[in-house]
Structures are given as C-alpha cells and as structure tokens.
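From the sequence below, what's the structure:
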Amino acid sequence: MLEILWTIIIGFVAGVIAKFIMPGSANEPSGFIMTTLLGIVGAFVATFLGQVTGWYSPNQGAGLIASVVGAIIVLAIWGFIQGRRRSTAL
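Have a look, this model is predicted:
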C-alpha cells in the first residue's frame, strides 16, 4: 500500500516538473488529476524501459529523474498524436 502511495507522490512531482519543462499547447493534459496521471504513467514508462534495458532489477522502480523523463516522453507522444489528429482533420 505504501509503494502505491509513494508512486502517486513521485508521479505527481514528476508530472509537475515535466509540465514545467515542456508546457506544450492547450490540447495537452493539464490540471491536478491529469498532471498526476501523466507523472504516474511516466513513472511506469521509465520503470518499464529501465527494466528492459537492464538499468533496474525486476523489483526496482524508477526514481524521480527517470519518472520526469518518462513523463516528458508521454507528453511528446501525446503532442505527436494530437498533431497528427489535427492535421488529418483539416
């Protein structure tokens, strides 16, 4: 239970830092809940990539810096998808 709470806290901080580094357009997720979800997804992405590349053991999660990088990756993918959606709608 404590690990989930810790992931949510790190995810929120990572999401805030990622949105500060890469604010993006108005179509990107914003707000408290979306920022938290962005950071949590970024933490999971960073953990997955770290475990695949061998940087983390199977029972080890990503830290704050890796979670921020993961959240920035998620934001970039989101912006790419939204950009393609806008260009095909025109």
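
Could you give the average pLDDT over stretch 71-82?
Mean per-residue pLDDT for stretch 71-82: 81.

quick one, phi psi at residue 56?
phi -120, psi 150 (degrees, to the nearest 10).

ok, now how distant is it from residue 43?
12 Å (C-beta to C-beta, to the nearest Å). All C-beta atoms are positioned from the backbone trio N, CA, C, and that covers glycine.

Run through the neighbouring helices and strands of the helix ranked longest in the chain.
Ranked by residue count, the top helix of the chain under DSSP state H comes out as helix 64-89. Other helices and strands packing on helix 64-89, by 3 or more C-beta pairs under 8 Å, 6 or more residues apart in numbering; DSSP states H and E, are helix 2-21, helix 32-53.

For the first one, C-alpha coordinates in PDB please.
What it means is helix 2-21. What follows is helix 2-21, C-alpha atoms only, in PDB (Å, rounded to 0.1, in the frame of the first residue of the first chain):
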ATOM      1  CA  LEU A   2       2.800   2.400   0.800                       C
ATOM      2  CA  GLU A   3       4.500   1.700  -2.500                       C
ATOM      3  CA  ILE A   4       1.400   2.800  -4.400                       C
ATOM      4  CA  LEU A   5       1.200   6.000  -2.300                       C
ATOM      5  CA  TRP A   6       4.900   6.600  -3.000                       C
ATOM      6  CA  THR A   7       4.400   6.100  -6.700                       C
ATOM      7  CA  ILE A   8       1.500   8.600  -6.700                       C
ATOM      8  CA  ILE A   9       3.500  11.200  -4.900                       C
ATOM      9  CA  ILE A  10       6.600  10.800  -7.100                       C
ATOM     10  CA  GLY A  11       4.200  10.700 -10.100                       C
ATOM     11  CA  PHE A  12       2.700  14.000  -9.200                       C
ATOM     12  CA  VAL A  13       6.000  15.700  -8.700                       C
ATOM     13  CA  ALA A  14       7.400  14.200 -11.900                       C
ATOM     14  CA  GLY A  15       4.300  15.400 -13.800                       C
ATOM     15  CA  VAL A  16       4.600  18.900 -12.400                       C
ATOM     16  CA  ILE A  17       8.300  19.100 -13.400                       C
ATOM     17  CA  ALA A  18       7.600  17.600 -16.800                       C
ATOM     18  CA  LYS A  19       4.800  20.100 -17.500                       C
ATOM     19  CA  PHE A  20       7.200  22.900 -16.300                       C
ATOM     20  CA  ILE A  21       9.900  21.700 -18.700                       C
END
